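Asker: Give me coordinates for this.
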Amino acid sequence: MTRRYFFLAAGAAVALAFGFSAAEAADPVSVTIGKLLELTGPLSENGPSQDKAVTIAIDYANQAAAAAGVPVKATAVSADAQGDPQAALSAARALVAKGASAIIGPSITPESIAIANGLTIQKKITLWPVGTSMRLRTIKDEGTIFRTVPPDSLQAYALKTALIDKLGDAKGKLLSIAYRNEPYGEGLSKDLTAAWTAKGGKVQGPVVFDPAQATFDSEAQQVVDNNPDAYVVIDYPDTFAKFGAALVRTGKYDATKLVVPDALAFSTVPTNIPPQALEGARGTRGGSDVSTEAYKLFDQLWQKAGGVEHFALDANSFDSATLVILAAAAAHSPDPAAIAAKIHDITKPGATKYSPTNLGEALKAVWGGQPIDYVGVAGAFEFAANGDPTISRFDIYEYKSGKLNVIKQIDAAK
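Answerer: Residues are numbered from 1 along each chain as shown. Now for the predicted structure:
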């Protein structure tokens with residue numbers, strides 16, 4: 001035993017002998033969380049909600065820790081990922097320079113890959129992307145990347161289920177697929193095609209479009225050719241404003257045939273998207289069981305904070321920040337490598353379950369060295385070896401009068 005740890009242990013023993021808790025005896029832990037947000041760029045629609053979700057998580061955890069007498073406190077630093085890999089890497093470096101021990105975000109997979117390869121793997125900093133593409137798993141992250149968001153291997157299953165729910169069956173049904181030329185669209189299209197054809201369905205396309213092109217009329221016409229039974233368009237909000245308008249201009253487009261994934265899940269459809277492009281369309285997004293006490297608490301905190309509406313995956317970002325704080329408490333340290341080493345201990349199958357409703361008790365338990373199974377607002381996170389959740393809940397929703405309405409929930413599992 002080194003001298004430092006001998007004195008720490010001796011100090012803790014003396015404190016306990018005089019009636020103080022171990023928490024009071026230990027040095028306080030101050031952990032900084034980096035918020036890498038899409039404030040500008042193609043996914044800027046979701047930046048404000050991600051910002052709010054992480055802020056709420058930090059404020060709530062700090063209150064819970066103080067009430068429980070656990071000497072852990074979190075703060076945040078923020079930067080704009082800008083929807084660009086190099087800009088995102090520069091922003092991540094700025095966050096680390098400000099002391100960030102973990103980073104929540106970004107939302108676009110090429111950004112995450114650039115950050116992992118250029119910064120976080122080397123420094124053992126955990127990265128918690130909001131991006132869902134399976135392309136992220138083509139790199140060797142050395143146990144530094146965790147996702148509370150459902151990967152697209154699971155979202156393809158959810159999209160297939162939403163389509164069958166709409167059409168009644170896949171057998172013999174023609175599905176027209178189009179996607180923005182990025183890893184998110186490419187991977188999701190591939191997995192959906194496999195899932196749909198495995199059920200006896202037929203696929204047209206995929207139609208691949210460059211987000212920088214001036215018009216999308218030709219691609220839109222290809223989507224509606226041959227009167228398909230359904231369409232899936234995998235896109236980001238900035239491009240869909242134009243692509244959706246091009247679909248409407250074909251004169252053959254029926255929005256009730258459209259199913260979209262999570263990047264186009266709006267609480268209220270933005271005004272720059274033609275109403276005819278989404279009215280009656282369905283979609284999928286990572287969901288939460290809204291009947292749980294954890295979700296009710298999260299929504300109460302959300303409404304009390306005011307500001308932006310809920311957006312896709314905000315509950316997942318709340319959970320990501322909470323997991324970082326729990327791991328720092330378990331490690332008694334803000335050291336990035338120490339935090340990474342504790343993630344599986346705080347999401348351990350078979351351990352005592354805790355949720356946001358008793359977060360103070362969870363912090364006490366991990367501070368005392370106990371493994372726990374944190375069940376968050378978005379559900380349980382019993383991470384696979386690669387850091388992805390093994391099961392995820394999805395909302396299947398429909399747009400009515402420009403508003404997103406959840407019509408059912410499903411669980412997708414590997």
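Asker: what's the weakest-modelled helix or strand in this structure?
Answerer: helix 3-17 (a mean of 38; mean pLDDT, DSSP states H and E).
Asker: Strands along the protein, start to end?
Answerer: 29-37, 72-80, 102-104, 126-128, 174-180, 202-209, 230-234, 258-260, 282-286, 352-354, 372-376, 379-380, 391-400, 403-413 (DSSP state E).
Asker: What pairs with the third one, parallel or antiparallel?
Answerer: Right, the one you point to is strand 102-104. strand 29-37 (parallel), strand 126-128 (parallel) (DSSP bridges).
Asker: and that strand, average pLDDT?
Answerer: The average pLDDT for strand 102-104 rounds to 98.
Asker: Can you pull out the low-pLDDT segments for the stretch 301-414 of the chain?
Answerer: Along the stretch 301-414 of the chain, segments meeting pLDDT under 70 span 414.
Asker: Tabulate the strands of the chain (TSV), appending mean neighbour count and distance to Ser189.
Answerer: C-beta coordinates here come from the backbone N, C-alpha and C atoms, glycine included. As requested, the strands of the chain are exported to TSV (neighbours: other CB atoms under 10 Å; distance: least, CB to CB, whole Å):
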stretch	mean neighbour count	distance to Ser189
strand 29-37	24	26
strand 72-80	20	29
strand 102-104	29	27
strand 126-128	27	25
strand 174-180	23	5
strand 202-209	19	5
strand 230-234	26	6
strand 258-260	25	13
strand 282-286	26	14
strand 352-354	16	37
strand 372-376	22	29
strand 379-380	21	26
strand 391-400	22	18
strand 403-413	14	17
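Asker: Can you add distance to Asp152 and give the ones you listed back as CSV?
Answerer: Converted to CSV, these look like this (distance: least, CB to CB, whole Å):
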stretch, distance to Asp152
strand 29-37, 20
strand 72-80, 25
strand 102-104, 19
strand 126-128, 17
strand 174-180, 11
strand 202-209, 14
strand 230-234, 9
strand 258-260, 13
strand 282-286, 11
strand 352-354, 28
strand 372-376, 20
strand 379-380, 17
strand 391-400, 11
strand 403-413, 11
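Asker: Looking at the ones you listed, spot the one closest to Thr161.
Answerer: The minimum distance between Thr161 and those falls on strand 403-413, with 5.6 Å, by CB to CB.
Asker: follow-up on the earlier one: tell me which of the strands of the chain lies nearest to Trp302.
Answerer: Between the strands of the chain, strand 372-376 lies closest to Trp302; by CB to CB that is 14.3 Å.
Asker: other SSEs contacting that closest one?
Answerer: Strand 372-376 sits against helix 314-331, strand 352-354, helix 359-367, with contacts defined as 3 or more CB pairs under 8 Å, 6 or more residues apart in numbering; DSSP states H and E.
Asker: Provide the contact partners of the second one at residue level.
Answerer: Residues outside strand 352-354 that contact it (CB atoms under 8 Å, 6 or more residues apart in numbering): Glu361, Ala362, Ala365, Gln370, Ile372, Asp373, Tyr374, Val375.
Asker: mind running it again at 10 Å?
Answerer: Residues outside strand 352-354 that contact it (CB atoms under 10 Å, 6 or more residues apart in numbering): 294, 326, 346, 360-366, 370-376, 380.
Asker: Same check on stretch 272-281?
Answerer: 166, 231, 233, 237-238, 240-249, 253-260, 264, 266, 269-270, 397-402, 404.
Asker: how about the CA coordinates for it, as CSV?
Answerer: Presented in CSV, the C-alpha positions along stretch 272-281 are these (Å, rounded to 0.1, in the frame of the first residue of the first chain):
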residue,chain,number,x,y,z
ASN,A,272,-40.1,25.4,-43.3
ILE,A,273,-41.4,21.9,-44.0
PRO,A,274,-44.6,21.8,-46.1
PRO,A,275,-47.5,20.4,-44.1
GLN,A,276,-48.4,18.1,-46.9
ALA,A,277,-45.0,16.4,-46.7
LEU,A,278,-45.6,15.0,-43.2
GLU,A,279,-49.3,15.2,-42.4
GLY,A,280,-50.5,11.6,-41.7
ALA,A,281,-46.9,10.2,-41.9
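Asker: So for it, what gets flagged as buried?
Answerer: Neighbour counts over stretch 272-281 (16 or more other CB atoms under 10 Å) mark Ile273, Pro274, Ala277, Leu278, Glu279, Ala281 as buried.
Asker: Widest-spaced pair of those?
Answerer: Checking those with CB to CB, the most distant pair is Pro274 and Ala281, at 11.8 Å.
Asker: ok, and the closest non-adjacent residue to Lys242?
Answerer: Phe216 (5.8 Å; CB to CB, 6 or more residues apart in numbering).
Asker: residues in contact with the one you found?
Answerer: 178, 207, 209-210, 222-223, 235, 239-240, 242-247, 249.
Asker: Please spell out the PyMOL selection for the buried subset of those.
Answerer: What follows is the PyMOL syntax for the buried subset of the contacts of Phe216, where burial is set by 16+ other CB under 10 Å:
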select buried, resi 178+207+209+222+223+235+239+240+242+243+244+245+246+247+249
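Asker: Show me the contacts of Phe216 that map onto helices.
Answerer: Gln222, Val223, Thr239, Phe240, Lys242, Phe243, Gly244, Ala245, Ala246, Leu247, Arg249 (DSSP state H).
Asker: Return the residues in contact with the first one.
Answerer: In this case it means Gln222. Ser176, Ala178, Gln204, Gly205, Pro206, Val207, Phe209, Phe216, Thr250.
Asker: Quick check: the gap between it and Asp210.
Answerer: 14 Å (CB to CB, to the nearest Å).
Asker: Spit out the contact partners of Lys400.
Answerer: Counting by CB under 10 Å, 6+ apart, Lys400 has contacts Glu279, Gly280, Ala281, Ile407.
Asker: pLDDT value on the second one, please?
Answerer: Listed pLDDT for Gly280 reads 98.
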